[in-house]
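K.L.:
structure here, sequence nowhere to be found:
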């Protein structure tokens, strides 16, 4: 809406989204390497500040150039956070002997983030009505500043090291981790597919809800239902992990059946499926963290983030192509296939704490 108000055409707005995506792709892995060289907490402080500068440009100097630069900064901020947060949380928990708590902590972090989205959306309307786009922009900048302040309070034992490893050495270590360990490659694939497919499909949930024949006024309810399912899945992460494979298989079936049913009641099955996917993603992320060493932890985790982006783009393209001859229901059902396949690829048991400490 802000871009359109500034006089940008649909093509120009689309080009901004492309700039955003390209920036995120280009910086995903390099930012992970930086997190393995420098203080991870410092990068988590810088990330929201970078985004905040972008929002400030949008608010006080609205123009195509400012919007483009803002998306570059947003993409950079997202890349700086991706992989860095997981690496810091896992390593600090490991230092206190609580690595088993990682899936629960990271899952609940995701859950709280998902709850914040509808809360912010609900607040945006009144703020926009009272102060216009300027008020929303200022609130966005303030929110970024608050994120930076909170990030500064995180522990970072590793950040006190006198000197980190060289850039090339971190890259070599990360590639070596992936090459020599089939379990790491499986975990990377599982995380990428789970996050990429579920994340991309989430964008099409409103279309799926409308295809059931439910009134347009009910669409927000179904979107909220799926969001609630994902939130519950994140909150339950770390529990019942030995049942990951059968639960994922059942979830893929629920997604296919619920979407293909063409009925509003089928959205309940879809919500349950997304609940399981979010739960399984946090557990898969935990297994990945268990299998890699700290010196290249953020780098390898960023590879998973890059893989997630690639899978997401493939899903977007496949959905666009498939929509020429099929509706949302059949497309969601087909998308359940890679999720079913990945369920048959367990990444193995989590190592014992002593094994993790040895790394």
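P.N.:
Nice, thanks for sending it over. From a predicted model like this one, the values you see are computed outputs, not experimental measurements.

K.L.:
so where is the chain shaky, pLDDT-wise?
P.N.:
For the chain, applying pLDDT under 70 flags the ranges 159-165, 346-359.

K.L.:
quick one: the helices in the stretch 101-250 of the chain?
P.N.:
102-152, 167-180, 182-202, 205-211, 219-235, 244-260 (DSSP state H, counting those that start in this stretch).

K.L.:
could I get those helices as a markdown table with mean neighbour count and distance to residue 308?
P.N.:
C-betas here are computed from N, CA, C, even on glycine. Shown next, in a markdown table, are the helices of the stretch 101-250 of the chain (neighbours: other CB atoms under 10 Å; distance: least, CB to CB, whole Å):
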| stretch | mean neighbour count | distance to residue 308 |
| --- | --- | --- |
| helix 102-152 | 16 | 13 |
| helix 167-180 | 16 | 15 |
| helix 182-202 | 22 | 4 |
| helix 205-211 | 19 | 18 |
| helix 219-235 | 19 | 15 |
| helix 244-260 | 20 | 17 |
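
K.L.:
could you dump those helices into JSON lines with distance to residue 90 added?
P.N.:
Formatted as JSON lines, the helices of the stretch 101-250 of the chain follow (distance: least, CB to CB, whole Å):
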{"stretch": "helix 102-152", "distance to residue 90": "5"}
{"stretch": "helix 167-180", "distance to residue 90": "14"}
{"stretch": "helix 182-202", "distance to residue 90": "13"}
{"stretch": "helix 205-211", "distance to residue 90": "30"}
{"stretch": "helix 219-235", "distance to residue 90": "16"}
{"stretch": "helix 244-260", "distance to residue 90": "19"}
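
K.L.:
and residue 70, which of the ones you listed is closest to it?
P.N.:
Nearest of the helices of the stretch 101-250 of the chain to residue 70, taken as CB to CB: helix 102-152 at 10.2 Å.

K.L.:
what's the angle from the closest one to helix 182-202?
P.N.:
70 degrees (axes from the mean of the first three to the mean of the last three CA atoms, to 10 degrees).

K.L.:
which strands and helices sit next to helix 102-152?
P.N.:
Packing partners of helix 102-152 (3 or more CB pairs under 8 Å, 6 or more residues apart in numbering; DSSP states H and E): helix 40-60, helix 84-95, helix 219-235, helix 266-291.

K.L.:
look up phi and psi at residue 324.
P.N.:
Main-chain torsions, residue 324, degrees, to the nearest 10: phi -70, psi -20.
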